[in-house]
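In: Next input, structure requested:
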Amino acid sequence: MGGVYRVRRRIATGFAVLLAVFFGFHVMFGRNGLNAYEAKRVEDKTLQKQIESLHAENDRLKDHIDHLQSDPDAIEHEAREKLHYARPDEVIYTLNDAPHPADQAPVTQARR
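Out: So this is what the prediction gives:
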C-alpha cells in the first residue's frame, strides 16, 4: 500500500508543478499579464502627456478669448492681422512672398 500512496503523491506533485507553470506563464504572457500591463502603463503615460498638453493649450485659448472679450485693442489687432481689415482712409500694401526655387523650375516643351 505504501507504493500506491507514493505514486499518488508524485502524480499530485507533478500536477501541482504543471499547474504552477501554467499559471506563471499566464501571469507573464496572458491577455492581462505583465507584458500587457507594461504596454498599458506606457500608453497611459503617453495619454497623460497629451492631456497635459491639451490642458495647456485650452488655458492659453481661454486667456486669448478673455483678452479679446475685454480689450478693444486686441480685437482690432486680431482683425488687422487675420482678416486684413483697415481703418477708413488707410491703405494697406502687401508684398508678395519671394518665389520658392521649386516654383521657378523652367518649363520645357518636348520637341517633336
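
In: From here on, just use CA atoms for contacts and neighbour counts.
Out: Noted.

In: tell me what the lowest-mean-pLDDT helix or strand in the chain is packed against?
Out: When the helices and strands of the chain are scored by mean pLDDT, DSSP states H and E, helix 72-83 comes last with a mean of 84. Contact partners of helix 72-83 among helices and strands, from 3 or more Cα pairs under 8 Å, 6 or more residues apart in numbering; DSSP states H and E: helix 34-70.

In: how many degrees apart are the helix it packs on and helix 72-83 in direction?
Out: 110 degrees (axes from the mean of the first three to the mean of the last three Cα atoms, to 10 degrees).

In: As CSV, could you dump the C-alpha coordinates of the least confident helix or strand of the chain?
Out: What follows is helix 72-83, C-alpha atoms only, in CSV (Å, rounded to 0.1, in the frame of the first residue of the first chain):
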residue,chain,number,x,y,z
PRO,A,72,-10.8,96.5,-27.8
ASP,A,73,-7.2,97.0,-29.0
ALA,A,74,-6.8,93.2,-29.0
ILE,A,75,-9.9,92.9,-31.2
GLU,A,76,-8.5,95.5,-33.6
HIS,A,77,-5.1,93.8,-33.7
GLU,A,78,-6.8,90.4,-34.4
ALA,A,79,-8.9,91.9,-37.2
ARG,A,80,-5.9,93.6,-38.8
GLU,A,81,-3.7,90.5,-38.6
LYS,A,82,-6.1,87.7,-39.5
LEU,A,83,-8.7,89.5,-41.6
